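K.L.:
Take a look and give me a structure for this.
(chains A, B, C and D)
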Number of protein chains: 2
Amino acid sequence: MKTRDRIVATALGLFNEQGYGAVTTAMLAAQCGIAEGNLWYHFKTRAVLLDAIGERFASSIEARLAMRPGSDPLGDYAALLEAVMAEFRAFRFIYRDQRAYGDDAEMVSNNAPRWLEMTFDQVEAYLAALVDIGLLDWPRERLRDLAINSTIILRYGLEHYRELGEPIAEGAGAVRRTLRRQLTLFEHRLEPAAANRLQAAIEEMGEESLAA
Amino acid sequence: MKTRDRIVATALGLFNEQGYGAVTTAMLAAQCGIAEGNLWYHFKTRAVLLDAIGERFASSIEARLAMRPGSDPLGDYAALLEAVMAEFRAFRFIYRDQRAYGDDAEMVSNNAPRWLEMTFDQVEAYLAALVDIGLLDWPRERLRDLAINSTIILRYGLEHYRELGEPIAEGAGAVRRTLRRQLTLFEHRLEPAAANRLQAAIEEMGEESLAA
DNA sequence: ATCATTTTAGGGTGATTACCCTAATTCCCC
DNA sequence: GGGGAATTAGGGTAATCACCCTAAAATGAT
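P.N.:
I've put the predicted structure just below:
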């Protein structure tokens, strides 16, 4: 892996774990195992590094937003959940620490509201597909609210569990708990076998893809 | 108002608006209209100031947790919503900026998980009261999940609207939007007149109590 | 081997910030 | 008026941090 990419990945990890404002450039260089001067060779300022992270984030979101429900709405919904949670987790400091980095990631702040709305659209489309094949019993005019509430639960699940004093480090299962929590919104209106299958899908999601 | 209390209230406001880490003692003194030395006269360190805020927070929570549903479950639920949101809003930096203040408010971190669990209990009890008098059609074994999901929506509503790019300043209506969002979880299972009454209650909540 | 790029080591700067210190002044209460 | 508490003004310290600078060394590609 090229040093520049390693810096970006390491910064992302540290910003997520420690909070953007708490990570010093000295700390970042040490974690990368490089001299601090080398960090400055690759990135002129912190803001430039943040831009690089923002670009990865944007790519991740755009790819995820391009997902569409296909011939297996249930499996597809599980796949969407997996992608959404992986992204929310991988880039959590971007949402959480917006005050700390202020205007330094303009591309992100300019697009975040739009991306969020599109996420509601996407989740709604997937839920609608479940309704259409009769696996979910939910009034069509209430799907938007369900999509929004689902997204909120997914978006804030990790923080919720942190506030509950539960471990959210990698491997601790916080992402799985979040996915299950989200399911409680409507599992009682899912066809029973479908509910079981979604639950099984959550259990089977790869540790690696979720950093659960 | 005594200067000490004024400092605490002003700090709370600034920490909420700007983020804990972004507020300098110079800024705080200026906003209070006092010399910085006077700030240090009243509080030896930032941590001591944070403790004072934490004590107010604890008092607010304990008082709110003491609320119980009475003879008007619907009106009581509205009152609970009002109290919960007022508190979540008034002390939002305490939840949000936990990483920034770290161990400096131990009393809060030691109790926050417990308070949150008790909040779930409380919301559940209020919802159960609605079920008991037939205003809410919800299976008893699913009330806990509804209480938790409701609390999550209330807890993160302001942040959600900020991420959506919607105004959350005082008077912008973000708290009302959060209350309404929460209602979408179960309003379709409320007796219609009850749903209308809850909605009306949200519209009538005092601007002052909600800093909506 | 040569050349360009990357990395190191080590010293540095300027800005920022929490908090200190001191003496004088003002305020408040009896 | 007296005494104690609160407030001011102004100067200061030490620590921290993003980023700079420079020359030498190391690496990678041809």
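K.L.:
how about the residues of chain A near chain B?
P.N.:
Counting by CB under 8 Å from any CB of the partner chain, the residues of chain A close to chain B are A:18-19, A:21-22, A:95, A:98-100, A:112-113, A:116-117, A:139, A:142, A:145, A:148-149, A:152-153, A:155-157, A:159-160, A:162-165, A:181, A:184-185, A:188. Where C-beta positions appear, they are placed from N, C-alpha and C, glycine not excepted.
K.L.:
let's see it at 6 Å
P.N.:
When proximity is defined as CB under 6 Å from any CB of the partner chain, chain A approaches chain B at A:19, A:21, A:99, A:113, A:116, A:145, A:152, A:156, A:160, A:163-165, A:184.
K.L.:
Farthest-apart pair in those residues, please.
P.N.:
A:G21 and A:D145 (35.0 Å; CB to CB).
K.L.:
Can you select the buried ones from the residues of chain A next to chain B in PyMOL?
P.N.:
Applied in PyMOL, the following selects the buried portion of the residues of chain A next to chain B according to 16 or more other CB atoms under 10 Å in any protein chain shown:
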select buried, chain A and resi 19+21+99+116+145+152+156+160+163+164
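K.L.:
for the lengthiest helix in chain A, packing partners?
P.N.:
Counting by DSSP state H, the longest helix found in chain A is helix A:106-132. Judged by 3 or more CB pairs under 6 Å, 6 or more residues apart in numbering or on different chains; DSSP states H and E, helix A:106-132 is in contact with helix A:46-65, helix A:73-90, helix A:143-163.
K.L.:
Please work out the average pLDDT along the one helix or strand A:G37 maps to.
P.N.:
Using DSSP states H and E, A:G37 sits within helix A:36-42. What helix A:36-42 shows for mean pLDDT is 96.
K.L.:
residues in contact with it?
P.N.:
By CB atoms under 6 Å, 6 or more residues apart in numbering or on different chains, the residues outside helix A:36-42 that reach it are A:R4, A:I7, A:A26, A:A29.
K.L.:
do you know how far the residue in chain A sticking out farthest from the centre is from chain B?
P.N.:
Distance to the chain centre peaks in chain A at A:G37, reaching 32.3 Å (criterion: CA atoms, centre = their mean). Distance, A:G37 to chain B, using CB to the nearest CB, to the nearest Å: 27 Å.
K.L.:
what does chain A put close to DNA strand C?
P.N.:
Within chain A, the positions near DNA strand C by CB under 7 Å from any atom of the strand are A:K2, A:T3, A:R4, A:G33, A:I34, A:A35, A:E36, A:G37, A:N38, A:Y41, A:H42.
K.L.:
Could you work out the most separated pair of those?
P.N.:
A:K2 and A:E36 (18.1 Å).
K.L.:
Quick one: which of the contacts of helix A:36-42 is the most crowded by neighbours?
P.N.:
Within the contacts of helix A:36-42, neighbour counts (other CB atoms under 10 Å in any protein chain shown) peak at A:I7, which reaches 22 neighbours.
K.L.:
In which helix or strand does it reside?
P.N.:
Using DSSP H and E, A:I7 falls within helix A:3-18.
K.L.:
in that helix, what counts as buried?
P.N.:
Buried residues in helix A:3-18 (16+ other CB under 10 Å): A:I7, A:V8, A:T10, A:A11, A:L12, A:G13, A:L14, A:F15, A:N16.
K.L.:
Check stretch A:113-123 too.
P.N.:
Buried-residue list, stretch A:113-123, by 16+ other CB under 10 Å: A:W115, A:L116, A:T119, A:F120, A:Q122, A:V123.
K.L.:
again with stretch A:59-66
P.N.:
A:I61, A:R64, A:L65.
K.L.:
From A:V84, how far out is the first one?
P.N.:
When CB to CB, to the nearest Å is the yardstick, A:I61 and A:V84 sit 10 Å from each other.
K.L.:
One more: the last one?
P.N.:
The span separating A:L65 from A:V84 equals 10 Å under the rule CB to CB.
K.L.:
Distance check, the closest residue to A:V108 other than its chain neighbours against A:V48.
P.N.:
Nearest residue to A:V108, sequence neighbours excluded (CB to CB, 6 or more residues apart in numbering or on different chains): A:G54, at 4.7 Å. Plainly put, A:G54 is 10 Å away from A:V48 if you go by CB to CB.
K.L.:
cool, A:I202 as well?
P.N.:
Using CB to CB, A:I202 is found at 38 Å from A:V48.
K.L.:
Straight-line length of stretch A:170-179, end to end?
P.N.:
One end of stretch A:170-179 to the other measures 15 Å (CA to CA, to the nearest Å).
K.L.:
And that stretch, what's buried?
P.N.:
Neighbour-count burial for stretch A:170-179, with 16+ other CB under 10 Å as criterion, is recorded at A:E170, A:G173, A:A174, A:V175, A:R176, A:R177, A:T178, A:L179.
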